[in-house]
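Student: Fold the following.
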Amino acid sequence: MRAQVAAPAAVAHAVLTDITAWKLWSPHIARVDTAEERIEAAGWTGLVKPWFGPATRMEVTWCEPGRGIRWTSTAAGHRLDYADLITPDGPDGCTVTMTATVSGPAGAVVQQLAGPLSAYGQRRRLTRLGALAEYLHRRTIVFAA
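Tutor: I've put the predicted structure just below:
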């Protein structure tokens with residue numbers, strides 16, 4: 001899933017990695033338990049509790065300023081690998097791409113069954129993340145990257 005965002009890559013990255021902003025663009029999250037309110041490097045971990053279902057540990061495996069993050073989570077014997085990537089499209093725009101893959105005993109089946117719901121959620125998150133980044137950029141609100 002990908003979306004064009006009318007904001008610099010640094011602004012989109014700042015929104016993506018600011019844990020306090022998650023509830024604005026990823027409203028399925030009820031709570032995040034972590035010592036750090038911003039993802040600044042690989043190794044960041046947090047316990048993410050959605051409104052539905054159990055909390056899972058999120059571990060960031062890659063983070064590059066202005067380029068996004070890659071992260072993993074495990075549930076029911078399966079590993080979920082996510083990539084939230086940002087590609088600059090000039091000084092005032094970027095493309096944000098979100099992907100998710102499932103591996104494990106029934107990874108392909110789980111991914112196929114969860115695919116439509118996952119795609120719906122990714123579209124909503126991309127739309128909201130883009131809208132927030134664009135709002136901050138239009139208002140020239142300084143958002144520390």
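Student: Pull the contacting residues for residue 57.
Tutor: Going by Cβ atoms under 8 Å, 6 or more residues apart in numbering, residue 57 touches 45-48, 73-74. In short, each C-beta sits where N, CA and C put it, glycine included.
Student: so which two of these are the farthest from each other?
Tutor: Largest separation among the contacts of residue 57 by Cβ to Cβ: 46 and 74, giving 13.9 Å.
Student: who has more neighbours, these two?
Tutor: More neighbours surround residue 46 than the other of residue 46 and residue 74, with 22 against 14 (other Cβ atoms under 10 Å).
Student: what's the helix or strand the more buried one falls within packed up against?
Tutor: In this structure, residue 46 sits in strand 45-50 according to DSSP states H and E. Applying 3 or more Cβ pairs under 8 Å, 6 or more residues apart in numbering; DSSP states H and E, one finds that strand 45-50 contacts strand 29-33, strand 56-64.
Student: For residue 89, which of the ones you listed is the nearest?
Tutor: Nearest of the helices and strands packed on strand 45-50 to residue 89, taken as Cβ to Cβ: strand 56-64 at 16.6 Å.
Student: coming back round to it: output the helices and strands packed on strand 45-50 as CSV; include the columns distance to residue 97.
Tutor: CSV is the format used below for the helices and strands packed on strand 45-50 (distance: least, Cβ to Cβ, whole Å):
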stretch, distance to residue 97
strand 29-33, 20
strand 56-64, 14
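Student: Make CSV from those strands and add distance to residue 136 and mean pLDDT to it.
Tutor: Shown next, in CSV, are the helices and strands packed on strand 45-50 (distance: least, Cβ to Cβ, whole Å; pLDDT from 0 to 100):
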stretch, distance to residue 136, mean pLDDT
strand 29-33, 19, 92
strand 56-64, 20, 95
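Student: deepest of these, which one?
Tutor: Across the helices and strands packed on strand 45-50, averaging neighbours per residue (mean count of other Cβ atoms under 10 Å) puts strand 56-64 on top, at a mean of 16.
Student: quick one: the residue of the chain most remote from its centre from residue 94, how far?
Tutor: The centre of the chain is farthest from one residue, residue 105, which by Cα atoms, centre = their mean lies 25.2 Å away. According to Cβ to Cβ, to the nearest Å, residue 105 and residue 94 sit 37 Å apart.
Student: Quick check: closest non-adjacent residue to residue 37.
Tutor: Spatial nearest neighbour of residue 37, chain neighbours left out: residue 19 (4.8 Å); criterion: Cβ to Cβ, 6 or more residues apart in numbering.
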